[in-house]
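Student: below are the sequence and a predicted model for it; my questions follow.
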Amino acid sequence: MARIRNEIRRLRFEHGEMTQQELAEKIRVTRQTVNAIEQGKYSPSLEAAFRIAEVFALPLESVFHYDKDA
Amino acid sequence: MPFREKTAWIAVVSMTLIYANYFWGILSMPHGGSNFSGLLGTVIALVVVQVTLTIVAAIFSPSDAKAPRDEREQLIGLRASRVAYSGLATGVACACFFGAMTPPVVFNANSLLFILVTTEIMRCSFLIIQYRRGA
């Protein structure tokens, strides 16, 4: 079963200790959604994933990791 | 607590209390009795309570209340509606089944209203569960 991991929490702290609320406002979702994404409870849409990567100025694969056999 | 979870709580609690009062009155009436004024009062009370409490909730979190539902909230809403639809279909199927029995059980408008109210409470409850889980 596939599972998607992400580095969002680490990247937030590396980018000026960005809060979840700040990231949520940048990508136009709620803070709870950002929290759910970080905890792996919710997989964002492709558009939201690209917006997150754009905030951190990184390619998508650097933010999200696809574990096929997880 | 997100604004939409607050409104779901408001809906669940207000519907449960107000409609429980209404249906208790219906059960207390002689068989086949109707209570249109009671139903009207119930609907008005529900609207007043829900609108008032929702406005209060919005005052305490104005930015959250104004923001449109994001993709996760839309998905949560769709999942809850799917669960509610299953409940509604089951309730109506039961109504049709009992209606076809001999002698037929009369499922009047209040029974259908009960099915509808129960379904809506199920939908709001499922919303709350999903928000609580952080899913």
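Tutor: Arrived safely. Quantities reported herein were computed from a predicted structural model and do not represent experimental measurements. Residues are numbered from 1 along each chain as shown, chains lettered A, B, ... in the order given.
Student: now B:Ile26, nearest residue through space, not along the chain?
Tutor: Spatial nearest neighbour of B:Ile26, excluding adjacent residues (Cβ to Cβ, 6 or more residues apart in numbering or on different chains): B:Asn110 at 5.3 Å. The way it works is simple: take the backbone N, C-alpha and C, and place the C-beta from them, glycine included.
Student: what's the spacing between B:Val117 and B:Gly25?
Tutor: Counting by Cβ to Cβ, to the nearest Å, the gap from B:Val117 to B:Gly25 is 14 Å.
Student: touching, the residue nearest to B:Ile26 and B:Gly25? I think so.
Tutor: No - using Cβ atoms under 8 Å, B:Asn110 makes no contact with B:Gly25, being 10.2 Å away.
Student: so what's A:Pro59 up against?
Tutor: Counting by Cβ atoms under 8 Å, 6 or more residues apart in numbering or on different chains, A:Pro59 makes contact with A:Ala53.
Student: ok, B:Val56 next?
Tutor: With Cβ under 8 Å, 6+ apart, B:Val56 has no contacts at all.
Student: next one: the one helix or strand it maps to to chain centre, how far?
Tutor: Assigned by DSSP states H and E, B:Val56 falls within helix B:36-60. Centroid separation between helix B:36-60 and its chain, computed with Cα atoms, centre = their mean, to the nearest Å, is 13 Å.
Student: get me the contact residues on chain B for chain A.
Tutor: B:2, B:64, B:67, B:70-73, B:131, B:133-135 (Cβ under 8 Å from any Cβ of the partner chain).
Student: give me the lowest-pLDDT entry from these.
Tutor: Within the residues of chain B next to chain A, the minimum per-residue pLDDT falls on B:Ala135 (62).
Student: now do the strands in the chain.
Tutor: No chain was given, so I picked chain A. In chain A, the strands defined using DSSP state E lie at A:3-6, A:64-67.
Student: you answered for a different chain; I wanted chain B.
Tutor: Counting by DSSP E, chain B has no strands at all.
Student: run a quick neighbour tally on residue 10.
Tutor: Since you didn't name a chain, this refers to chain A. By the criterion of other Cβ atoms under 10 Å in any protein chain shown, A:Arg10 has 11 neighbours.
Student: nope, chain B
Tutor: 19.
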